[in-house]
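Peer 1: Predicted model and sequence below, questions to follow.
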Amino acid sequence: MPKHVAFIMDGNRRYARKRQVERQEGHTQGFDKLAETLRWCLNLNIHEVTVYAFSIENFKRSKDEVDGLMELAKQKFIRLLDEQENLKKHGVCIRVLGDLTLLPLDLQQHIARAVVATRTHNKCFLNVCFAYTSRHEIANAVREMAWGVEQGLIKSSDVSEALLSQCLYSSNSPNPDLLIRTSGEVRLSDFLLWQTSHSCLVFQSVLWPEYSFWNLCDAILQYQLNYRPLQKARDQHREGQTLQQHEADRAGVADLLQHHGNGKPLDAQKRQEALLNYTASREERVQDFLGALQHKRDSFLTDLTSQAALA
Amino acid sequence: MAIVYEFVWRVLHVLLHIHRTLITWFRIRLRNWNGQLWSRALTALLVPIALSFPNQKKLVLAPGKRVGRRYRWGADGKSLEKLPDHIGLLIAEEEPRYTDIANLVVWCMAVGISYVSVYDNYGVFRRNNSRLMDEILKQQQELLGLEGSKQLSVEFLNNGTDKQDHQVVLCQSLLKVLSPDDGKLRIVQAAQQLCRAVEQREKTSKDINVTVLDSLLRESKSTPDPDLVLKFGPVESTLGFLPWHIRLTEFISLPSHVDVSYEDLFSALQRYASLQALENKQTAYRHITSNLTSTPTHSDSLLLRNVKGSPGCLCEACWIVRALPRLGCIPAYEINNDNKNRSC
């Protein structure tokens, strides 16, 4: 069974046209369907779900629609805060991935409160991508690493695939096992491009508000059929990553010895020692940097919550 | 109860396997049957011609047929509403067949696609680059004839170093051979480059954004992102194919690249064209309807004139065309009732 499923909840507007109701009603039905789907996932022992709620591209839609969606999100986050007891009982941890600074301030504050309140829960995880695109996420991760270099916490030679993954908004989650897109579109639309490179992709033509338990089962069956080849591809990729890291470390040591050495060639044992030292100090630097990064992100959220409390 | 659920799940698995096997078997049988039928029909037509003309004609017929096919493929490409500028061929199968890949590449170029990328997640094509190139050149001659091949300029693009770049210009098309190293690793290398610039105080971290990273990851300004990726094989995944570049790429799956036919490729291209036509219409109408209260401009009217709303179709474009006259914003354009059965 997949442990982490990602959904692109597409088709709310088409559903609204089909039912001849307001667009806003389509989005509301979509939200209700999300709540239902989360319950199904919990019943199936899928403990982590990531959803694509609002893309940075969606800001280009009409002002009315964007305002409506912001209002809907605000109401839902306020509702979530009211249900804190329930969330605590089920151990639901809510995370919001994206560039929150692009959202209206009051919505940012509500989001911060919800995230901080559920931070310590660890039974199941809901990641909501709001004001998110994958390219922004990757560029942001690179920017954070550059910040680390600026602060003297890491060196540019410490930059690796693993470190970049740790700097993404989704650093606290494993990669999704399964990505489901509804409404028949066969694109990824800038969603989790880095994290889904070895995930099972399932494109279903059903509209999101009409999603049923059988659609979910169908997607899971697809995942199970693709499990072995994907596992193999993932393992192979990880092996390649490890090899690349070894090579990079070896090159780093060679560079270091050239600059600081006294010209005498080292024997194999001393070389091995130098390599181990280099790797250990690199890993320490990286841990310190990641700690500082986490602290920066936590402070941002706590500042927002204290602003909200004062207001 | 859990045992019952497990049993039901296993039954579903078995049914799905049978379903898949039947579909594949049926598809192969149908293709062979069709192929046999066509070749038998053609033979029946050609036998009298072959018998009545001297032997020389038979030799002339073969290259003639090849030239005919080349023009037909070019015409096919022009007949599509939209051709992808850049197509990716993702081989998600264990044993790649070089001849079939070469055929696909030659057909893509003949149809008029400017950029073709070939990818497999083991990096096999990259390592056996020269073998793939030889096979492509051979298939070019085979499929396009000597005349067609002469018009091609085959260049191995060199980036100035001794290392041979994995790009080739063929027939005014550019072929790229990609491997997983062109995906995440390339992004990491770009990140290292930017961090080094920050280390050397040439840049600050605040200078880093999507545009800067994009320009580093784009090999050349003119190479577009892949519009369409054809995935061959049963594995439902991108398997590490260019994560940065596929944000708006359409994915169409085909069962296998082994013995793939031109018709398979063309029907995938047709499907892509219809998806794009829908997308373009929706963009045009979104632009118009976001300014509904303002007076429609002359160009808005022209845009509307070219598209007809099919009754009963749920796509945004058709819905808006039907709604606008009622809203009185724009003078009513005839909704062509002949389009009733046409899919949007």
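Peer 2: Structure's in. What do you need?

Peer 1: CA only for contacts and neighbour counts going forward, please
Peer 2: Noted.

Peer 1: other SSEs contacting the helix or strand encompassing A:L225?
Peer 2: In this structure, A:L225 sits in helix A:213-260 according to DSSP states H and E. The helices and strands touching helix A:213-260, judged by 3 or more Cα pairs under 8 Å, 6 or more residues apart in numbering or on different chains; DSSP states H and E, are strand A:178-181, strand A:200-203, helix A:268-310.

Peer 1: Please work out the angle formed by the directions of the longest one and helix A:213-260.
Peer 2: In this case it means helix A:268-310. Orientation check (axes from the mean of the first three to the mean of the last three Cα atoms, to 10 degrees): helix A:268-310 against helix A:213-260 gives 130 degrees.

Peer 1: What is helix A:268-310 packed up against?
Peer 2: Helix A:268-310 packs on helix A:105-117, helix A:161-167, helix A:213-260, going by 3+ Cα pairs under 8 Å, 6+ apart.

Peer 1: show me where pLDDT drops low in the chain?
Peer 2: Answering for chain A, as no chain was given. A:261-266, A:311 (pLDDT under 70).

Peer 1: To clarify, I was referring to chain B.
Peer 2: The model of chain B has pLDDT under 70 over residues B:24, B:26-68, B:146-171, B:282-344.

Peer 1: where along it do the strands fall?
Peer 2: B:86-91, B:115-120, B:155-158, B:164-170, B:173-178, B:228-232, B:250-254 (DSSP state E).

Peer 1: Kindly reformat those as JSON lines and extend each row with distance to chain A and mean neighbour count.
Peer 2: Shown next, in JSON lines, are those (distance: least, Cα to the nearest Cα, whole Å; neighbours: other Cα atoms under 10 Å in any protein chain shown):
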{"stretch": "strand B:86-91", "distance to chain A": "13", "mean neighbour count": "25"}
{"stretch": "strand B:115-120", "distance to chain A": "11", "mean neighbour count": "23"}
{"stretch": "strand B:155-158", "distance to chain A": "25", "mean neighbour count": "13"}
{"stretch": "strand B:164-170", "distance to chain A": "21", "mean neighbour count": "18"}
{"stretch": "strand B:173-178", "distance to chain A": "15", "mean neighbour count": "22"}
{"stretch": "strand B:228-232", "distance to chain A": "9", "mean neighbour count": "22"}
{"stretch": "strand B:250-254", "distance to chain A": "5", "mean neighbour count": "18"}
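
Peer 1: In CSV, list the ones you listed along with distance to A:D298.
Peer 2: Formatted as CSV, the strands of chain B follow (distance: least, Cα to Cα, whole Å):
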stretch, distance to A:D298
strand B:86-91, 41
strand B:115-120, 41
strand B:155-158, 48
strand B:164-170, 45
strand B:173-178, 40
strand B:228-232, 40
strand B:250-254, 37
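
Peer 1: quick one: which of these is nearest B:R196?
Peer 2: strand B:164-170 (25.0 Å; Cα to Cα).

Peer 1: Span of stretch A:171-188 from start to end?
Peer 2: 20 Å (Cα to Cα, to the nearest Å).

Peer 1: same question, stretch B:208-226
Peer 2: 24 Å.

Peer 1: Give me the buried stretch members for it, please.
Peer 2: B:I208, B:N209, B:V210, B:L213, B:D214, B:L216, B:L217, B:P224, B:D225, B:P226 (16 or more other Cα atoms under 10 Å in any protein chain shown).

Peer 1: of the helices and strands packed on helix A:213-260, which approaches B:V124 most closely?
Peer 2: Using Cα to Cα, the helices and strands packed on helix A:213-260 put strand A:200-203 closest to B:V124, at 22.2 Å.

Peer 1: Just give me how far the helix or strand where A:C93 lies sits from the chain centre.
Peer 2: Assigned by DSSP H and E, A:C93 belongs to strand A:92-97. How far strand A:92-97 lies from its chain's middle: 10 Å, per Cα atoms, centre = their mean, to the nearest Å.

Peer 1: Quick check: the closest residue to chain A within the stretch 1-150 of chain B vs A:L225, distance?
Peer 2: With Cα to the nearest Cα, the shortest gap between the stretch 1-150 of chain B and chain A falls at B:H13, namely 7.1 Å. Noted for B:H13: a distance of 8 Å to A:L225, by Cα to Cα.
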